[in-house]
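Visitor: Quick one, fold the following:
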Amino acid sequence: MQAVLIAIQVMVSIALVIVILLQRSEGGALGMGGGGAGLGGIFSPRGAADTLTRTTAILAVLFFVTSLALTLLAIHSRPQSILPVPGQSAPTAPQPIPLKPAQPAVPGPHG
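Guide: Sure, this is the predicted structure:
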């Protein structure tokens, strides 16, 4: 489920960047989608701007929904708490593993 949401998140993010770059800026100099013909002559310049604005809003909502869903999945998949719950015993600390004495690097004399 999480992998599917991540794939959707990536596709929505890429589409959002593309749609934002297609829009005209306030000065009209930075947008790539403007001009006299609109988007391939299908829309008027005003209609194309409205369509791009609506598409941006839809993609933004999808982005936030997928982000929220991924966050909720991450919260539910991790351990609940490290603090003891009232009425239960506290978790014990792991016991240290005893170390073996170090072997000498040079063997001693054989006698």
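Visitor: Let me see the contact set for the nearest residue to Thr56 once chain neighbours are set aside.
Guide: With Cβ to Cβ, 6 or more residues apart in numbering as the criterion, Thr56 has its nearest non-adjacent residue at 5.2 Å, and that residue is Val19. No exception for glycine: its C-beta is placed from N, CA and C like everyone else's. Applying Cβ atoms under 8 Å, 6 or more residues apart in numbering, we find Val19 in contact with Leu52, Thr55, Thr56, Leu59.
Visitor: In which helix or strand does Val19 reside?
Guide: According to DSSP states H and E, Val19 maps onto helix 2-22.
Visitor: With Thr51 instead?
Guide: Here Thr51 is assigned to helix 45-77, by DSSP H and E.
Visitor: hmm, which helix or strand of the protein has the shakiest average pLDDT?
Guide: Least confident helix or strand of the chain, by mean pLDDT, DSSP states H and E, is helix 45-77 with a mean of 88.
Visitor: Give the buried residues for it.
Guide: Residues Ala48, Ala49, Thr51, Leu52, Thr55, Thr56, Leu59, Leu62, Phe63, Thr66, Leu70 are the ones in helix 45-77 that count as buried (16 or more other Cβ atoms under 10 Å).
Visitor: Test my guess that the fourth one contacts Leu21.
Guide: This means Leu52. No. Judged on Cβ atoms under 8 Å, Leu52 makes no contact with Leu21 at a distance of 10.1 Å.
Visitor: Mind putting the buried residues of helix 45-77 into CSV with distance to Gln95?
Guide: CSV is the format used below for the buried residues of helix 45-77 (distance: Cβ to Cβ, whole Å):
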residue, distance to Gln95
Ala48, 69
Ala49, 68
Thr51, 66
Leu52, 63
Thr55, 60
Thr56, 58
Leu59, 53
Leu62, 50
Phe63, 48
Thr66, 44
Leu70, 38
